[in-house]
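[1] Can you look at this prediction? I've put the sequence above it.
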Amino acid sequence: MELVILGASGFIGSAITAEALARGHTVTAVVNRPERVEAKAGLTVVGLDINDTAALTKLLTGKAIVISAFSGHAQQDVKGYYLQAFNSVFNAATAGKVGRLLVVGGAATLLLPDGSRLLDSPDFPAEYRATAEGAAEVLQQLRGQNALSWSFLSPAAEIFPGDKTGRFRLGSDNLLTDSAGNSRISNGDYAVAMLDEVEQPQHINKRFSVAY
């Protein structure tokens, strides 16, 4: 299967790219700095500004699967950049008649046992708020449209660098925690969950979550 991965050189995007290649898919990796991506069999690297909607539309036209894994962490206006870039992705995917858009989402919109969002808890880390608010708006945008088939994968509250184990749980809108109350997932296992969804769709036009 041919996959286009936007932000393929990032923390999560690189794990998804590695998992896709390991499964024998061909990957077009869209990145800002292609010189940072190591050449591999099955991998085509494209340097492209994600906010260049016309160029992105040309690249995405007719593609069956696009995975949006970019982030705005390196930008001064994290939320503003994230929303602008996602609108570019959404418009390009819609105009290009992409078969399905899978989005690397955040954990902040997941619900706690009292029904409130993790984002609204008083101890939510300030350094992640801009990204979290951006992801929350993107999820709302996806839920409010019917022009594009989508899935949005929320990680656990903590996502850390780690190899895949293949042993994790999937959920929907509630924050998953283990018996000790921790909510964790490695980027390796996050990638496994994302590729499982690519290959065997179970969450069309839905948000789902993954944690140990």
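    Great, that's in hand. Numbers count the residues shown, from 1 in each chain.

[2] Let me see the ranges of the strands in this structure.
    Under the criterion DSSP state E, the chain contains strands at 2-6, 26-31, 43-47, 65-68, 100-104, 150-154, 158-160, 169-171, 184-186, 206-211.

[3] Turn the ones you listed into JSON lines, columns for mean pLDDT and mean neighbour count.
    Any C-beta I mention is one placed from the backbone N, CA and C, and that applies to glycine too. As requested, the strands of the chain are arranged in JSON lines below (pLDDT from 0 to 100; neighbours: other Cβ atoms under 10 Å):
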{"stretch": "strand 2-6", "mean pLDDT": "97", "mean neighbour count": "24"}
{"stretch": "strand 26-31", "mean pLDDT": "97", "mean neighbour count": "22"}
{"stretch": "strand 43-47", "mean pLDDT": "97", "mean neighbour count": "16"}
{"stretch": "strand 65-68", "mean pLDDT": "98", "mean neighbour count": "25"}
{"stretch": "strand 100-104", "mean pLDDT": "98", "mean neighbour count": "24"}
{"stretch": "strand 150-154", "mean pLDDT": "98", "mean neighbour count": "25"}
{"stretch": "strand 158-160", "mean pLDDT": "96", "mean neighbour count": "16"}
{"stretch": "strand 169-171", "mean pLDDT": "98", "mean neighbour count": "15"}
{"stretch": "strand 184-186", "mean pLDDT": "98", "mean neighbour count": "22"}
{"stretch": "strand 206-211", "mean pLDDT": "98", "mean neighbour count": "21"}
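
[4] Enumerate every residue touching the closest residue to residue 93 other than its chain neighbours.
    Using Cβ to Cβ, 6 or more residues apart in numbering and skipping residues adjacent in sequence, the residue nearest residue 93 is residue 101, 5.0 Å away. Residue 101 makes contact with 66, 67, 68, 89, 90, 93, 148, 149, 150, 151, according to Cβ atoms under 8 Å, 6 or more residues apart in numbering.

[5] Let's see that with 10 Å instead.
    Residues near residue 101 by Cβ atoms under 10 Å, 6 or more residues apart in numbering: 4, 6, 60, 63, 65-68, 89-90, 92-94, 142, 148-152.

[6] what's the answer for residue 69, then?
    5-17, 29-30, 102-104, 191, 194.

[7] Which one, of the strands of the chain, ends up nearest to residue 74?
    Closest approach to residue 74 among the strands of the chain (Cβ to Cβ): strand 26-31, 12.5 Å.
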